[in-house]
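**Student:** model the structure of this input:
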Amino acid sequence: MAQPPILSWEQLGLQQGGRWLFQGLDLHIGPRDRLALIGRNGAGKTTLFRMIMDQVEADKGIRKVKPGTKIVVLEQEPDFAPYETLMDFALGGSDAPAEHEVEAIADQLGIDMTTPSAGASGGERRRAAIARALAMDPDLLLMDEPTNHLDLAAIDWLEDWLTRYKGAFVVISHDRTFLKRLTNATIWLDRGTIRRKDVGFGGYEAWEEQVYAEEARNAHRMDAKLKIEAHWLERGVTARRKRNQGRLEALYKMRAVRASMITPGATAKLGLSADDSNKSKSVIVADKVSKSFGDRPIIKDFTLRIQRGDRIGVVGSNGAGKTTLLKLLTGELEPDSGTVTIAKTLTGVMIDQQRSLMKPEKTVRDIVAEGGDWIDVRGVRKHVQGYLKEFLFDPGLVDTKVGTLSGGERSRLLLAREFARKSNLLVLDEPTNDLDLETLDLLQEVIADYEGTVLIVSHDRDFLDRTVTITLGLDGSGTVDIVAGGYADWEAQRTKRSEPGKAKSGKSDASAPPAPPAPKSAKLSYRDQRDLEQLPARIEALEAAILKGEEILSDPALYTADPQKFANISQGIENARAEKEAAEERWLELAEMAEG
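**Tutor:** Predicted coordinates for the structure are as follows:
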C-alpha cells in the first residue's frame with residue numbers, strides 16, 4: 001500500500017510579472033521518492049523549490065506538510081558573504097546541524113572547513129554546502145544543480161550517499177548520468193503545468209516526445225495549424241534529438257580514426273609529421289611536455305598532436321592539473337621542458353563560467369548585437385531575433401534586462417554571443433553549468449557542426465560521451481591518459497588497469513571504442529531511394545536560398561523602402577528553414593535505413 005505524502009500542494013498558483021507562472025498544479029511527494037524535476041530554464045523550477053520550502057507565498061493553493069518533516073534545500077548559489085569561514089556558513093542560521101556531523105561529511109568530501117569563505121573556490125563552496133545540507137539529516141532534500149563545480153570523485157561520493165539515503169529528494173540537474181543513476185520518478189514542469197510519471201530520468205525523453213506527439217495530433221485534429229508559435233521549441237527539441245543521433249554515428253567514426261593514430265604508449269604518432277597533408281591539419285603539437293609547481297609534478301612527459309576538427313575532453317579531480325594542461329596547450333603557460341607548437345593561424349574563443357560580460361543592467365540585444373538589430377555570425381549577417389531563436393530564446397526577449405534572466409538563460413546568452421565570433425579554436429571551461437537539458441542538446445549540436453578544434457574541460461560525463469573524440473584523463477600524479485573516445489571510454493580504461501593481472505602502466509591501449517548497435521535492416525522503396533539521392537541537393541539549395549534572403553535583409557534601408565518585400569522575404573526564409581529541417585530529418589531516417 002502506498003504511503004501518504006510527506007508534502008503536497010493542491011491547486012498551486014503563482015503570478016509573476018502579471019502572468020501566471022503556475023496555475024492549478026498538484027504536487028505530492030512521498031517519503032521515499034527520488035524525483036527528477038525537469039523543465040526549461042525560466043520554467044520556474046527554482047521558484048517551485050522555494051515554494052516547497054515556504055519561502056515564496058503562493059497566490060492560490062493549499063500546502064500540506066506531514067508534522068515533524070524536516071525539509072532542507074541545497075541551493076545552487078548559497079550566500080557565503082556573511083560568514084568568515086566555510087564552517088561558519090555550515091553552522092549558520094536558526095536550524096544548524098551539529099558541528100561533528102558537518103566535520104564527518106566534510107572529511108569524506110576532502111574539504112577544509114576552516115577555509116575563509118571569501119577566498120574559497122566554487123568547488124570548495126559547493127562541498128561546504130553539501131556538508132551542511134546532508135549533516136542536517138533531512139526527511140526531504142531539495143537539490144538545485146548539486147554537481148555544479150564538483151569533480152568526478154565528489155560526484156561519485158554524492159551518488160553513493162544518495163543511494164543509501166533513507167529520505168526523499170527532489171533534484172534539478174543537467175547531469176544526465178547523475179539523474180539516470182538515482183531517480184525513480186520524474187516531475188516535468190512545462191508551460192505552466194506539471195506532469196508526473198513514475199519512471200526515472202532514463203525514461204523521460206521517450207515520455208516527453210510521446211506527450212508532444214499527442215499534442216501535435218490533437219492540434220492537427222482541431223485544425224489549429226499546430227499552434228506554430230507555441231510549439232516551435234518543442235518540435236525543434238524532437239528534431240534536434242533525431243539529428244544528434246546521426247551526429248553520434250559520425251562521432252563514433254571519428255573516434256575510431258583517432259584511435260588508429262594513437263600508439264600503445266598513449267601518444268599521438270609524431271612520426272606522421274613527415275606526411276605534409278597531416279602536418280597541415282595539425283593545430284597544436286605537444287612534444288614531451290612537463291610542468292611542475294615546486295616539488296609537485298603536474299604534467300610529465302606529455303606528447304600529443306591535436307588536429308583540426310579534434311574534440312578534446314579534459315577530465316580529472318580538482319587540483320589534478322586540468323587548467324594547467326589547458327594553459328599549456330593554448331600557449332598561456334610555458335612548459336618546464338618539452339615544446340608546445342601552436343599553428344600561427346589559430347584564433348581562439350574562450351567560454352568560461354565567470355559571465356563577466358553579463359551586466360544586469362544590459363539587455364539581451366546589448367550582449368548579442370551590441371544594441372543593434374543585426375549580428376555577423378561567423379561571416380553571415382543575421383537578424384538578432386532570428387539568431388536568438390536558434391539558441392532557444394523567445395525572440396520577444398530581445399530587450400529584456402540580463403538581470404531578470406535565470407542563471408541558465410545567462411549562460412545560454414553567453415554561448416550565443418561567443419559562438420557568433422569567427423574562430424577555429426573553441427575552449428570551453430565547464431560549459432554545462434547552469435544549462436538545462438534542451439540547451440545541452442543544442443550545445444552538442446553546435447559543437448558537432450563547429451569546423452574548428454574544441455577543447456572542453458568538464459565533469460559532465462554524458463556530455464563528454466556525446467561530444468569528444470579524445471579524452472585526456474589526469475590522475476594528479478602528472479600522468480595524462482590519452483584515450484580515443486569519451487568519459488565512458490576513459491573510465492573503462494581505468495577499470496581495466498585496476499583489474500588483477502592487468503598492466504598498471506597508466507597507458508592507453510588505444511583500442512577503438514565499441515561501435516554503436518547496428519540498425520535493423522530495411523529495404524528502401526523506389527520513392528525512398530529517390531529521396532535519399534535527391535534530398536542532399538535540395539538541402540543545399542535551401543541553404544543557398546536562406547543565405548541569399550539574409551543577404552537581402554541585411555540592407556538597412558529595405559524595411560523603410562519596401563516593408564512588404566521585407567516581410568515576404570522574412571517569411572520565405574522561415575519557410576525555407578522549416579523545409580530544410582524536415583528534409584534533414586527525412587534524409588537521416590533514410591540513411592539509417594540504407595546503412596542497415
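**Student:** K422 - how many residues pack around it?
**Tutor:** By other Cβ atoms under 10 Å, the residues close to K422 number 11. No exception for glycine: its C-beta is placed from N, CA and C like everyone else's.
**Student:** mind checking the SS state of it?
**Tutor:** Going by DSSP: H, G, I helix; E, B strand; the rest coil, the secondary structure assigned to K422 is coil.
**Student:** quick check: the closest residue to it other than its chain neighbours vs Y450, distance?
**Tutor:** In space, and not counting its chain neighbours, K422 is closest to R378: 5.4 Å by Cβ to Cβ, 6 or more residues apart in numbering. According to Cβ to Cβ, to the nearest Å, R378 stands 9 Å off from Y450.
**Student:** between the two, point out the one with more neighbours.
**Tutor:** Y450 (17 against 12).
**Student:** in this structure the more buried one contacts L425, no?
**Tutor:** No: counting by Cβ atoms under 8 Å, Y450 does not reach L425; the two are 9.8 Å apart.
**Student:** and the helices in the stretch 151-300 of the chain?
**Tutor:** Assigned by DSSP state H, counting those that start in this stretch, the stretch 151-300 of the chain shows helices spanning 152-164, 176-182, 204-221, 228-259, 276-281.
**Student:** check which helix or strand covers the nearest residue to M113 once chain neighbours are set aside.
**Tutor:** The shortest distance from M113 to any non-neighbouring residue, by Cβ to Cβ, 6+ apart, is to M87 (3.9 Å). Per DSSP states H and E: M87 is located in helix 86-90.
**Student:** quick one: low-confidence ranges for this structure?
**Tutor:** Low-confidence segments of the chain, defined by pLDDT under 70: 1-2, 216-245, 263-280, 352-357, 498-523, 556, 588, 591-592, 594-596.
**Student:** domains of it?
**Tutor:** For the chain, the structural domains run 7-210, 249-347+423-517, 355-421, 518-596, going by automatic domain parsing.
**Student:** pull up the distance across the first one, start to finish.
**Tutor:** Going back to what we said before, that points to domain 7-210. 29 Å (Cα to Cα, to the nearest Å).
**Student:** circling back to that earlier point, so the residue nearest to M113 sits right up against V102, yeah?
**Tutor:** Yes: at 6.9 Å, M87 counts as touching V102 under the criterion of Cβ under 8 Å.
**Student:** overlap in contacts of those two?
**Tutor:** Common neighbours of M87 and V102 (criterion: Cβ atoms under 8 Å, 6 or more residues apart in numbering): M113.
**Student:** export stretch 421-437 to CSV, keeping only CA atoms.
**Tutor:** The C-alpha trace of stretch 421-437 is given here as CSV (Å, rounded to 0.1, in the frame of the first residue of the first chain):
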residue,chain,number,x,y,z
ARG,A,421,32.6,35.1,-33.4
LYS,A,422,35.0,33.9,-36.0
SER,A,423,37.4,31.3,-34.7
ASN,A,424,39.0,28.0,-35.3
LEU,A,425,39.7,27.0,-31.7
LEU,A,426,37.0,26.8,-29.1
VAL,A,427,37.9,26.5,-25.4
LEU,A,428,35.0,25.5,-23.1
ASP,A,429,35.6,25.6,-19.3
GLU,A,430,32.8,23.7,-17.6
PRO,A,431,30.3,24.8,-20.3
THR,A,432,27.4,22.7,-19.0
ASN,A,433,27.0,24.5,-15.6
ASP,A,434,23.5,26.1,-15.3
LEU,A,435,22.3,24.8,-18.6
ASP,A,436,19.0,22.9,-19.0
LEU,A,437,18.8,19.7,-20.9
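**Student:** any idea how far that stretch is from the chain center?
**Tutor:** Chain-centre distance of stretch 421-437: 9 Å, with Cα atoms, centre = their mean, to the nearest Å.
**Student:** G452 contacts N424, correct?
**Tutor:** Yes: with contact defined as Cβ under 8 Å, G452 reaches N424; the gap is 3.6 Å.
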